[in-house]
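Q: Fold the stuff below for me.
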Amino acid sequence: MSRNLLNTHLPRFQHEINFFFFSTDKTLRPVLTVYQLTDYMEQENHTAMKSYRCTYCKKSFTKLSHCKQHERTHIGEKPYTCKHCKKSFSQSSNCKQHELTHTGEKPYTCKHCKKSFRSSSNCQRHEQIHTGEKPYTCKHCKKSFSQSLNCKQHEQTHTGEKPYTCKHCKKCFIQLSSCRKHERTHTGEKPYTCKHCKKSFSNSSACKRHQQTHTGDKPYTCKHCKKSFSWSSHCKLHERTHTGDKPYTCRHCKKSFSQSSDCKLHERTHTGEKPYTCKHCKKSFSQSSNCRKHERTHTGERPYTCRHCKKSFNRLSSCRRHEGIHTEEKPYTRKHCKTSFIKPSNCKQRQERDASASLLKQNQHDHCFKPRRDLQESAATLDGKKSCMLSSSTEAENSRQIESLTCWICLKEFSSETCVIQHYDEHMRLR
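A: Here you go, the predicted model:
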């Protein structure tokens, strides 16, 4: 092995060598023979050793800088500070990317659609949407991914590994971001703020979604109907309504779903799991949204405000229905007569009421006029005098049937079918 090769390679292993001495030229030299070093190099090349180990969770890394960055996630150290808002970060690259949100600079541009991005990684991920490239493959099911992180997280669904644990309730997670997001449900922290209305959010994705309600930006388009969406995930979910794809299957009854969240909620109907607990009365819920709605009954919080009269509501759906009173918008329409309603429940109730009324009228008609038809048919089969006798008896029977048209609900009698139908309409209005 040449001396130049040895000098360039030695610094990579200084952290692994325990014994050093200073030579006469004051340079640090290891007590290690060339043969020992050759064996070490061969072992490193063949087994791809991860020499740096985290002191907290024993995870290994190939680079010391990566190990130090990881250890900061345990101790919470954030040595890099934004020049504009003094927000702190554990990595200098994250700090620089954050500063671009203040300056508005987007130095990286997509080669296909010229869309700009603040980071090269985001730009590369976006370009894979155009190329369809998925270079990372799961070792267990051969499913392909465009990002190595997504592939690793998917593989953990096979192994069941959940390396990140909540500090408050010891719940485990596959992703660090999911763990931190969950911990904010305990602390109530909302570090992400809308640039337009200063509303705060516990996660960045919710904040971005909210900001798009101000900007109206919808960059993702359905391949089938050209409908636009603010988020690629929403676009993919919508496209499944065209294709009928339901990739998520219940482990208990094999029912399929188009969304993983719907599948998880359904599985809780089998297991009875209710992981979300009210902070005030300890009542449990299977959905976090239902838990938050319930907690508002304790706190009296009404976060949704009418744009026209500033009246407040504890549910977004209630607020939107109320705003329809001001705008006179009636988005829900009956199928048959095109009557419009503000509430979907009103539309559904009207359709059910009409169906019930139609059924009652048909039953009343069949009950009252079936005997008359039977008598007429029997009269038509007889001849001569029998036919005349039955005809006269049929007329008498018909007159009695007409006189005894009776309401099935209140047993009131009427002389004509029209009166009975009008009477049933009164019952329907009173229901």
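Q: Break down the stretch 1-150 of the chain into its strands, ranges please.
A: Ranges of strands within the stretch 1-150 of the chain are 20-22, 28-30, 52-53, 60-61, 80-81, 88-89, 108-109, 116-117, 136-137, 144-145, based on DSSP state E, counting those that start in this stretch.
Q: no, scratch that, I was asking about the stretch 251-400 of the chain
A: Ranges of strands in the stretch 251-400 of the chain, per DSSP E, counting those that start in this stretch, are 256-257, 276-277, 284-285, 304-305, 312-313, 332-333, 340-341.
Q: quick one: which of the strands of the stretch 1-150 of the chain is nearest E183?
A: strand 88-89 (17.5 Å; C-beta to C-beta). (C-beta placed from N, C-alpha, C; glycine too.)
Q: Give me the below-cutoff pLDDT ranges for the stretch 251-400 of the chain.
A: Applying pLDDT under 70 to the stretch 251-400 of the chain flags residues 328-400.
Q: next one: the stretch 1-150 of the chain
A: For the stretch 1-150 of the chain, the stretches with pLDDT under 70 are 1-50.
Q: Apply 90 and report the result again.
A: 1-79, 83-108, 111-136, 139-150 (pLDDT under 90).
Q: all helices for the stretch 151-300 of the chain, in order.
A: Using DSSP state H, counting those that start in this stretch, the helices of the stretch 151-300 of the chain run over 176-187, 204-215, 232-243, 260-271, 288-299.
Q: TSV please, covering those helices and showing distance to T305 and mean neighbour count.
A: Converted to TSV, these look like this (distance: least, C-beta to C-beta, whole Å; neighbours: other C-beta atoms under 10 Å):
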stretch	distance to T305	mean neighbour count
helix 176-187	24	15
helix 204-215	14	14
helix 232-243	25	14
helix 260-271	28	14
helix 288-299	14	14
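Q: so can I have a markdown table of those showing distance to N94?
A: Listed next are those as a markdown table, based on distance: least, C-beta to C-beta, whole Å:
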| stretch | distance to N94 |
| --- | --- |
| helix 176-187 | 13 |
| helix 204-215 | 12 |
| helix 232-243 | 23 |
| helix 260-271 | 28 |
| helix 288-299 | 28 |
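Q: picking up where we left off before, and H66, which of the strands of the stretch 251-400 of the chain is closest to it?
A: Evaluated with C-beta to C-beta, those place strand 276-277 nearest to H66, the distance being 35.7 Å.
Q: Let me see the residues that make contact with that closest one.
A: Strand 276-277 is contacted by residues K283, S284, F285, S286, Q287, S288, N290, C291 when judged by C-beta atoms under 8 Å, 6 or more residues apart in numbering.
Q: dump the residue contacts of the third one.
A: Going by C-beta under 8 Å, 6+ apart, F285 touches K274, Y276, T277, C278, C291, H294.
Q: Go again with 7 Å.
A: F285 is in contact with K274, Y276, C291, H294, counting by C-beta atoms under 7 Å, 6 or more residues apart in numbering.
Q: How many residues are close by the closest residue to the first one other than its chain neighbours?
A: Meaning K274. Excluding the flanking residues, the one nearest K274 by C-beta to C-beta, 6 or more residues apart in numbering is S284, at 3.6 Å. Look at S284: counted by other C-beta atoms under 10 Å, it has 13 neighbours.
Q: I figured H102 hits K83, correct?
A: No. If you go by C-beta atoms under 7 Å, H102 and K83 don't touch, sitting 8.2 Å apart.
Q: Would you mind splitting the protein into its domains for me?
A: 3-71, 82-272 (automatic domain parsing).
Q: and the ones you listed as JSON lines, adding distance to L411?
A: Shown next, in JSON lines, are those (distance: least, C-beta to C-beta, whole Å):
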{"stretch": "domain 3-71", "distance to L411": "79"}
{"stretch": "domain 82-272", "distance to L411": "44"}
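Q: Give me whichever of the ones you listed is most buried.
A: domain 82-272 (a mean of 14; mean count of other C-beta atoms under 10 Å).
Q: Tell me the span between the first and last residue of it.
A: Using C-alpha to C-alpha, to the nearest Å, the end-to-end distance of domain 82-272 comes out at 46 Å.
Q: excluding its backbone neighbours, what's nearest L100?
A: Nearest to L100 is R118, by C-beta to C-beta, 6+ apart, at 4.4 Å.
Q: And K246, what's its pLDDT?
A: For K246, the model assigns a pLDDT of 89.
Q: That one and H154: what is the separation?
A: Note on K246: its distance to H154, by C-beta to C-beta, to the nearest Å, is 18 Å.
Q: Might you report the residue contacts of the nearest residue to K134 once chain neighbours are set aside?
A: Excluding its sequence neighbours, the residue lying closest to K134 (C-beta to C-beta, 6+ apart) is S144, at 3.7 Å. By C-beta under 7 Å, 6+ apart, S144 lies in contact with K134, Y136, T137.
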